[in-house]
Each structure stands twice: as C-alpha cells, then as structure tokens.
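Student: Provided below are the primary sequence and the corresponding predicted coordinates.
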There are 2 protein chains.
Amino acid sequence: MGNSVKISVVKNILEANQRIAEENRRRFAEKQLLVINLMSSPGAGKTSLLERTIRSLKDEWRIGVVEGDIQSTYDAERISQTGAPVVQINTGGACHLDSNMIQEALRNLEIERLDLLFIENVGNLVCPAEFNLGEDFKAMILSVAEGDDKPLKYPLMFHESTVLLINKIDLLPFCDCNLDLIEERALKINPRLNIFRVSCRTGEGLDRWGDWLKQQIRQRKKKGSES
Amino acid sequence: MGNSVKISVVKNILEANQRIAEENRRRFAEKQLLVINLMSSPGAGKTSLLERTIRSLKDEWRIGVVEGDIQSTYDAERISQTGAPVVQINTGGACHLDSNMIQEALRNLEIERLDLLFIENVGNLVCPAEFNLGEDFKAMILSVAEGDDKPLKYPLMFHESTVLLINKIDLLPFCDCNLDLIEERALKINPRLNIFRVSCRTGEGLDRWGDWLKQQIRQRKKKGSES
C-alpha cells in the first residue's frame, strides 16, 4: 500500500469527523448548551474534576456527561453517583472519541434539559486533540506528577485547548515539578490558555474554575438568545 | 468512505508493521541483543527509569536507547548524559512507534556493540500496545499517581506487557491508590506479568528490577549462541 493511499484515508477520516462535528455544534447551539471536551493523560484527574465540579454547580445548573472509555463503565458509575445524567461510550479499543460517537450518544441524552455538557475523552495526551467533537472548547488536565516537560513533548493538546487545569498541586512538595515552568512552556505554545492550578483531592483552586465555568454558561446562553 | 475500506487499511497497516517487526527481530537475534519496548502514559517515568537503569548496569553491560517522541529531543538529551548511545525518533504527530521507524533508527546505531537496547515509546497507554517493533518483550510503567483503576480501563497494554513497573511508590502516602488492587487487576488480565514496585526518585525497588534484567540479558545471549 502506497503512502498516498494512507494519507488520503486519514484526510477522509478527519474530514468526515469535521462534518459531523459541525452538525453536533449546530445542535448544541440551538439548545444554548455549553459543551466542553475534557482531555488528559490516563489518571490525571478527569473524572475527579467532574465529580467535584458537578457537586459544586448542580444546584444552580443542569449538567450532563458523556463518558468515553476504551472499556469498562467504571467512570460512568462514579459520575452517576453525583446524580448527573451520564451516557457511556465504549470505543472498543479506539484511542479517542470522534464526532460520530457523540452523535450516537446524544440519542440517549435529553440535551434540551441541560445547561452544560461535559464530554470526558479517552485518557490520551495525543490522539483526542486531533478530533473535534462539536464542543465549544477543549479543556485539558495535566497532573503535576507528570512533570513540567509535557508542553514540550505533547504540544498539540496544549495548542488546541482553551483551558489548562494543572491538577494534584497537593503533590507538589513531593514531585520534581516547576509550576511556573509548565505555565511558561504552555503559554508559549498557546498564549490564549486559561490556566487553573487545582487539587481535586483537597479542593484547592476549584472555586476559581467554578466561577469561570458559570460565566461561560451565562455567556453561552446570552450568545444563543441573540443569534 | 465505507467502513470496509477503513478496516482493510488498518489491517494492511498492522500487517506491514508485523512483517517489518519480524525483520527487526531476526536482526536483533543475530546479534544476541536483548530488546525491550518501554511504554507508559506521559510522565509515568520512562526516561527516569532508563537513566537509573543505565547508570546502574553500564559497567557490566553495553546499553543503547532509541528515543521515541512526537516532538523535541528533550529525553534523548537526558539519556545522552548517561553516556549511552541514543538515537532520536520524532514521530511528527504520530501517537506510537512502528517497526519501520525502528528499522530507520537502526541505521544510526551500532547494535553489534550492544547487549541491551531500550526503545522508549511515545507516552501513550493505548496505541503503542498495538504495534510490535521486533522487541523481545514489552515493559510498561504505571505511576501510582495515575490511580489503581488503570488495568480496568486500558487492558490491552497490560495484556501485551511482560513486565509491569509500578513507579513513584514514594508518592503512595499522598495518593488514593491501592497497590495490591493494581496487582490483582493487572494479573487478572495477564497472569504472566512480572511486577516490580519501584521509585525512580528514591531508587527503592530498582535493585530487583536490575537483577531481573541482568538475568534476561544472560538468557538472551545463551539462547542466541545455541541457535
């Protein structure tokens, strides 16, 4: 098989993904729904962040979750403990979510009854960054235990994200990780990044993230009602 | 594009990879070289493990490294500080190494002058597990900061690996992570796993890993000279 065939197939896959992502985006906009695609390495704290965020915002806003996993329903079960509606996608080996999987998942979610939808992507700092799902923005989590060299080595994820949550800052005294260096390196790749230093274990820093999120929900509704 | 086309392309890619992996494997066997494909999530400690392992074994054995990264030569520079010969592969976006990249890298490495070759894969707990490189075995690292649910969620990597290094055990008092549960879940997927509990920061547990590795190098040479 020649290289040209491979390349055109990849191009077709990305184009098909983008087309369906635009359909998703129009559907979300109609409902004035804020949609966040949450990405990170395995174990950086995506599900813990969602648990904390849902519990803190759920009296004020209606939040739903699409859970992406290669296998298992472990995270979806954790999320459903919060009372939020959750739909599980098992990718069956695939290393990222794509827009078509989201379209399928939406059949099982009443999005007109939601203000905010989180899509928790497969734990992977590489592939998910290439696939738009129709989200308003991408948010990524980096755990301080992963070290401060990650922006240098996985730049696309930092480039595509609107938000960088630096998690597990309670571990800082025990890790060789320089927070300022992470921020400097990340902002060099993407100067528009909104950065939050948080600990999903202790709760530190999550108020600021919650406030920012509420503001985004309100702006989304305002934008929706004007258009 | 129909699903059948997509599937046949993936099949072709994996078959081509396997063919070249077998070529690599024959070449490694001729030289009686032990080759280990090292995989993990980003920031679990692959490069730190290599630094420690090389420094501890280098007086006795000749060790080389192929460094796989999407971008940057950061890890290769760290490895070259140990004095070991190192060849950098930049995948230019790709989320895993393949056997063809290894074949290219070998042009720049005198493998007849080595006893042990480490291939440090791209930081990714998903895709690298699907691509044989011609290695003798795959070793994976899991950081305790990633949590004890990883075998449930990323089973293929655990299934394909011969070795599981559970790293950063110095962080255990500060993480909600149960080591016994990791081992139980990992062994359920793969009962033949050799498991080492280590800290690349403090050095704890690395002696046992080093001893095991020396035994593997000796066995590889024995096998090579008998065939």
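Tutor: Sure, I can see it. Numbers count the residues shown, from 1 in each chain, chains lettered A, B, ... in the order given.

Student: what about the strands in chain A?
Tutor: A:34-40, A:63-69, A:86-90, A:116-120, A:137-143, A:163-167, A:194-197 (DSSP state E).

Student: start to end distance for stretch A:28-48?
Tutor: 25 Å (C-alpha to C-alpha, to the nearest Å).

Student: how about the helices in chain A?
Tutor: For chain A, helices defined by DSSP state H occupy the ranges A:3-30, A:46-57, A:74-80, A:99-106, A:150-153, A:155-160, A:179-189, A:206-226.

Student: tell me what the second one is packed against?
Tutor: Under the contact criterion of 3 or more C-beta pairs under 8 Å, 6 or more residues apart in numbering or on different chains; DSSP states H and E, helix A:46-57 touches strand A:34-40, strand A:63-69, helix A:74-80, strand A:116-120, strand A:163-167, helix A:206-226. C-betas here are computed from N, CA, C, even on glycine.

Student: give the buried residues for that helix.
Tutor: A:46-54, A:56-57 (16 or more other C-beta atoms under 10 Å in any protein chain shown).

Student: tell me the bridge partners for the spatially most central residue of chain A.
Tutor: Chain A has residue A:38 as the residue nearest its centroid, 0.9 Å off, counting by C-alpha atoms, centre = their mean. Beta-bridge pairing for residue A:38 (DSSP bridges): residue A:120, residue A:139.

Student: so where's chain A uncertain?
Tutor: Within chain A, the stretches with pLDDT under 70 are A:1-7, A:225-227.

Student: go again with 90.
Tutor: Scanning chain A for pLDDT under 90 picks out A:1-13, A:71-72, A:92-93, A:223-227.

Student: tell me which of the helices of chain A is the most buried.
Tutor: Looking across the helices of chain A with neighbours counted as mean count of other C-beta atoms under 10 Å in any protein chain shown, the highest average goes to helix A:150-153: a mean of 22.

Student: packing partners of it?
Tutor: helix A:179-189, helix B:74-80.

Student: is the last one in proximity to chain A?
Tutor: I take that to be helix B:74-80. Yes: with C-beta under 8 Å from any C-beta of the partner chain as the measure, helix B:74-80 is seen reaching chain A through B:74-75.

Student: contacts made by that helix with the rest, please.
Tutor: The contact list for helix B:74-80 (C-beta atoms under 8 Å, 6 or more residues apart in numbering or on different chains) reads A:149, A:152-153, B:46-47, B:50-51, B:54, B:65, B:67, B:69, B:86-88, B:120.

Student: repeat that for stretch A:47-62.
Tutor: When contacts are defined by C-beta under 8 Å, 6+ apart, stretch A:47-62 is touched by residues A:38, A:63, A:65, A:75, A:78-79, A:81-84, A:113-116, A:118, A:120, A:141, A:165, A:167, A:198, A:200-201, A:203, A:206, A:209-210, A:213-214, A:217.

Student: related to what we said a few turns ago, can you redo the helices and strands packed on helix A:150-153 as TSV with distance to residue A:101?
Tutor: Output for the helices and strands packed on helix A:150-153, formatted as TSV (distance: least, C-beta to C-beta, whole Å):
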stretch	distance to residue A:101
helix A:179-189	27
helix B:74-80	33
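
Student: for these, which one sits closest to residue B:178?
Tutor: For the helices and strands packed on helix A:150-153, the distance to residue B:178 is smallest for helix A:179-189, at 28.1 Å, taking C-beta to C-beta.

Student: and that closest one, anywhere near chain B?
Tutor: No: residues of helix A:179-189 are not located near chain B by C-beta under 8 Å from any C-beta, the shortest gap being 10.5 Å.

Student: and that helix, how far out from the chain middle?
Tutor: Here helix A:179-189 is found 20 Å from its chain centre; the criterion is C-alpha atoms, centre = their mean, to the nearest Å.

Student: other residues contacting that helix?
Tutor: By C-beta under 8 Å, 6+ apart, the residues outside helix A:179-189 that reach it are A:142, A:144, A:148-152, A:155, A:158-159, A:164, A:166, A:169, A:172, A:193, A:195, A:197.

Student: and the gap between the closest residue to residue A:200 other than its chain neighbours and residue A:36?
Tutor: Computed as C-beta to C-beta, 6 or more residues apart in numbering or on different chains, the closest residue to residue A:200 that is not its neighbour in sequence is residue A:48, at 3.9 Å. The spacing between residue A:48 and residue A:36, counted by C-beta to C-beta, to the nearest Å, is 16 Å.

Student: okay, now residue A:97: neighbour count?
Tutor: Neighbour count of residue A:97, defined by other C-beta atoms under 10 Å in any protein chain shown: 27.

Student: likewise for the one 10 residues further on?
Tutor: Applying other C-beta under 10 Å, we find 7 other residues in the vicinity of residue A:107.

Student: need phi/psi at it.
Tutor: The phi/psi pair for residue A:107 (degrees, to the nearest 10) reads phi -60, psi -30.

Student: tell me the contacts of it?
Tutor: Not one residue lies near residue A:107 by C-beta under 8 Å, 6+ apart.

Student: still on that earlier bit, I figured the residue nearest to the centre of chain A hits residue A:119, correct?
Tutor: Yes: the pair residue A:38 / residue A:119 is scored as a contact, 6.5 Å apart, by C-beta atoms under 8 Å.

Student: quick one: end-to-end distance for stretch A:195-214.
Tutor: Stretch A:195-214: ends 16 Å apart by C-alpha to C-alpha.

Student: go on, stretch A:127-142?
Tutor: Distance across stretch A:127-142, first residue to last, is 16 Å (C-alpha to C-alpha).
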